[in-house]
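> how would this look folded up:
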Amino acid sequence: MSFTIKDQHLRQLCKINYFQVPEEGILFLGFRGCLPIDENDQEFRTERTLNIESVDHIHPRCTLGQWLPENKEIALFPGSTVPHLRYVKISKERNGVGANQLMTGYYRDYRKGKHRAGTPSAHDAFRQTGAHPIRRTADDFDFDNDDRVEFVNPYDNIHAAWCMGINHDYFGSAGCQVIVGYPRCENRGNRPKEGPWKIFQEKAYEIQQVAFPYILLNGRDIQKVTVNGSKKMSARLRFGSKDELVSKVQEVLKGEGYYEGHVDGDFGKRTIRAVLDYQTKVFGPSADDGIVGPITASAMGIDWPKV
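Just a heads-up that it's a prediction; the model follows:
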C-alpha cells in the first residue's frame, strides 16, 4: 500500500513522539520497512510517496531521508536501517556480538566524519557520536522484543551501502544506517561516488551544518499519520522524547524502584532501561519494546493524551 508524506505529516509524527524539531538545517529520517515509489528521484519536494515493504535483512527495504522543515521539503533515498543477514548469522555464533539493530527514536547528534577511518574503505559519512540503545540477537536471525538491549556506541554510522539498488541481495551493514550506492574510497581506486548515496552525502556536505538529528521510526508509524489525517493519535514516548509527559513517566518509574536518574523530562539511557525493565516485569519479556504508549501508561496509572 502506497502513501504520501508531507511536511505536516512529519511534524505530526514528531508531536506524537514528543521529538523537538529544529526549524533550521537538515534533519535526517529513517523509515524501517518502506521504500520510495521512485527510487531514482532524490530531489527535495513538498511531498513524497512510499510503499510499505517487508524487511528481509537481504535486500535494502528501508528509506533514509532528508527533511528541510524551514522549506517544508523532503528528499528520500532507498537504503537499510537493519543489518544484513550475512552479519547477523556470524554474530549469532558470537552471542550476538558483531551485528545489532538500532532501536527507533530521536538521535540528536550525527556528525560529518569518516566511516571506517584509517582503512582502505574509509569515506565521508555521518558518524554516531554517543551511546545509543541497540538490540542484539543470539537465538535467531531477526530482532524481537525478547532480544537483549545494550546501550553502547557500536558506531552505527550513516554511510554508503555498497550496493546497486533495491533488488541487490547485499548491502554493507552490520547495524549502520546505509544508503544505496557506492562511496569514493581507496578500495574503489578513488573512483567518484555513485547512486543515491552520492546525492545524500553531497546535499548534507555542501552546507555548513556539522551535526544532524536523526529520526528513526517504522514505516507504518508514518503511514498511520497519513491515513488518520487530522484525527488525534495516542502519544508515544521513546528514546529521544522530551517533555513534561516524560517526567510523569519517570516519576512513576522512580516511585516503583525502576528509575534511578533525575526527573528531567528527557527520555534517555536510564529512562529506556527503566521502561524496558518495567514492561518485562508487568507484561513479560516479549512485550518490552521500550515505548510508552496507552497500554504501558494505563498500567502506570497515567492519563494518556492524544495529540
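
> in stretch 221-240, which residues are buried?
221-226, 235-240 (16 or more other C-beta atoms under 10 Å). C-beta coordinates here come from the backbone N, C-alpha and C atoms, glycine included.

> identify the residues contacting that stretch?
Stretch 221-240 is touched from outside by 1, 3-5, 9-10, 12-13, 16-19, 31, 34, 50, 52, 103-108, 132-133, 245-246, 249, 267-268, 272, 290-294, 304-307, with contacts defined as C-beta atoms under 8 Å, 6 or more residues apart in numbering.

> end to end, how far does that stretch reach?
Stretch 221-240 has an end-to-end distance of 16 Å (criterion: C-alpha to C-alpha, to the nearest Å).

> go on, stretch 99-111?
Note: stretch 99-111 ends 22 Å apart using C-alpha to C-alpha.

> just how off-centre is that stretch within its chain?
Distance, stretch centre to chain centre, for stretch 99-111: 5 Å (C-alpha atoms, centre = their mean, to the nearest Å).

> taking the mean pLDDT, what do you get for that stretch?
Averaging pLDDT along stretch 99-111 gives 97.

> the nearest residue to L253 once chain neighbours are set aside: how many residues sit nearby?
Closest residue to L253 apart from its sequence neighbours, by C-beta to C-beta, 6 or more residues apart in numbering: Y259 at 3.7 Å. By the criterion of other C-beta atoms under 10 Å, Y259 has 21 neighbours.

> now Q12
Neighbour number of Q12 under other C-beta under 10 Å is 20.

> wait, what's in contact with I179?
Contacts of I179 (C-beta under 8 Å, 6+ apart): 64, 77-79, 158-161, 195-197, 200.

> can you check V307 too?
12, 15-16, 232-235.

> for the protein, longest strand please?
Longest strand of the chain, by residue count under DSSP state E: strand 105-115.

> what's the offset of that one from the middle of its chain?
That offset, for strand 105-115, works out to 11 Å (C-alpha atoms, centre = their mean).

> cool, and stretch 125-136?
On C-alpha atoms, centre = their mean, the centre of stretch 125-136 falls 10 Å from that of its chain.

> equivalent analysis for stretch 214-231, please.
Distance of stretch 214-231 from the chain centroid (C-alpha atoms, centre = their mean) equals 13 Å.

> cool, stretch 63-76 as well?
15 Å.

> same check on stretch 141-149?
16 Å.

> check stretch 109-119 too.
18 Å.

> sorry, back to before: check contacts around the residue nearest to L253.
250, 253, 270-271, 274.

> I'd like those laid out as CSV, including distance to Y87.
Listed next are these as CSV, based on distance: C-beta to C-beta, whole Å:
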residue, distance to Y87
Q250, 35
L253, 34
R270, 29
T271, 29
A274, 30
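
> need those residues in JSON lines with neighbour count, secondary structure and distance to D124, can you?
Shown next, in JSON lines, are those (neighbours: other C-beta atoms under 10 Å; DSSP: H, G, I helix; E, B strand; the rest coil; distance: C-beta to C-beta, whole Å):
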{"residue": "Q250", "neighbour count": "23", "secondary structure": "helix", "distance to D124": "39"}
{"residue": "L253", "neighbour count": "23", "secondary structure": "helix", "distance to D124": "41"}
{"residue": "R270", "neighbour count": "19", "secondary structure": "helix", "distance to D124": "34"}
{"residue": "T271", "neighbour count": "26", "secondary structure": "helix", "distance to D124": "34"}
{"residue": "A274", "neighbour count": "22", "secondary structure": "helix", "distance to D124": "38"}
